[in-house]
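# only the shape, not the letters, is given here:
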């Protein structure tokens, strides 16, 4: 067999193979689009508090529920000298005591009545040896304040007149004098223990207002109208103090008892 027929047979085989490949269907490529999957986020939970944290939370709630603490009442709040003696715009009112009848103390007559003050016009209010009364004269009494002049330690105690403060508290030098009835060896010029004020005579009351009358009007057990004005009067509760506060309502009521609320000023 010659080489030419073999060559033709080979070419025919290659041609047949090529034709069969061309007749096979072509595969189509497909693309797949992936959509993101959305889902609701999982709830975030806080970890449970430890036992110590729970205790702290309960204590905080208790503190919030506690009512506000009440203000403490100090001794100064309870002192009668801190009582409201006047309005914020007017003078303060006081009651000062003196003995109108003769009494000898350390060889000296300590008598001093409303008539003695009228004769002197102005007098120092010395001889006070009570710390509460001293504090009133030292810290509370001001120029222009008015005072009921009270007759004390006598047969008929009561209010006889009105005086005015004309000098504020200063050292009571009578305590330094060994010859004075109210000498105090524990008081000296470097460290004065006692104080006094100066008062001026204003007038006598149109009528004498006795302690007995004030006690009667201030008796709350009988349900009288005046008791509202005098029920808390310092004179009726702790009468022994020689210098004491008077409330405006008490001052006005007592002046009404003399028949003239304003009264006249004697000179």
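Cool, the structure landed. Note that the coordinates shown come from a computational prediction; the quantities given were computed from them, not determined experimentally.
# would you map the strands across the stretch 101-250 of the chain?
Using DSSP state E, counting those that start in this stretch, the strands of the stretch 101-250 of the chain run over 104-105, 108-109, 122-124, 146-151, 158-171, 195-210, 243-246.
# in the longest one, which residues are buried?
The reference is to strand 195-210. 195, 196, 197, 198, 199, 200, 201, 202, 203, 204, 205, 209 (16 or more other CB atoms under 10 Å). Heads up, the C-betas are built off the backbone N, CA and C, glycines and all.
# now for the closest residue to residue 108 other than its chain neighbours: which residues touch it?
Leaving aside its chain neighbours, residue 108 sits nearest to residue 181 (4.7 Å; criterion: CB to CB, 6 or more residues apart in numbering). Residues in contact with residue 181 (CB atoms under 8 Å, 6 or more residues apart in numbering) are 105, 106, 107, 108, 110, 127.
# just to revisit the earlier point, now tabulate the strands of the stretch 101-250 of the chain in CSV and tack on distance to residue 138 and mean pLDDT.
Converted to CSV, these look like this (distance: least, CB to CB, whole Å; pLDDT from 0 to 100):
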stretch, distance to residue 138, mean pLDDT
strand 104-105, 23, 94
strand 108-109, 25, 94
strand 122-124, 14, 98
strand 146-151, 16, 98
strand 158-171, 4, 98
strand 195-210, 4, 97
strand 243-246, 10, 97
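# now those in a markdown table, with distance to residue 217?
Formatted as a markdown table, those follow (distance: least, CB to CB, whole Å):
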| stretch | distance to residue 217 |
| --- | --- |
| strand 104-105 | 33 |
| strand 108-109 | 34 |
| strand 122-124 | 30 |
| strand 146-151 | 15 |
| strand 158-171 | 12 |
| strand 195-210 | 10 |
| strand 243-246 | 14 |
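# those: which one's closest to residue 189?
Of all the strands of the stretch 101-250 of the chain, it is strand 158-171 that lies closest to residue 189, at 7.5 Å by CB to CB.
# what is the orientation angle of the closest one with strand 146-151?
120 degrees (axes from the mean of the first three to the mean of the last three CA atoms, to 10 degrees).
# count the neighbours of residue 125 for me.
Around residue 125 there are 26 other residues, counting by other CB atoms under 10 Å.
# doesn't residue 197 make contact with it?
Yes - Residue 125 is in contact with residue 197 according to CB atoms under 8 Å; the separation is 5.2 Å.
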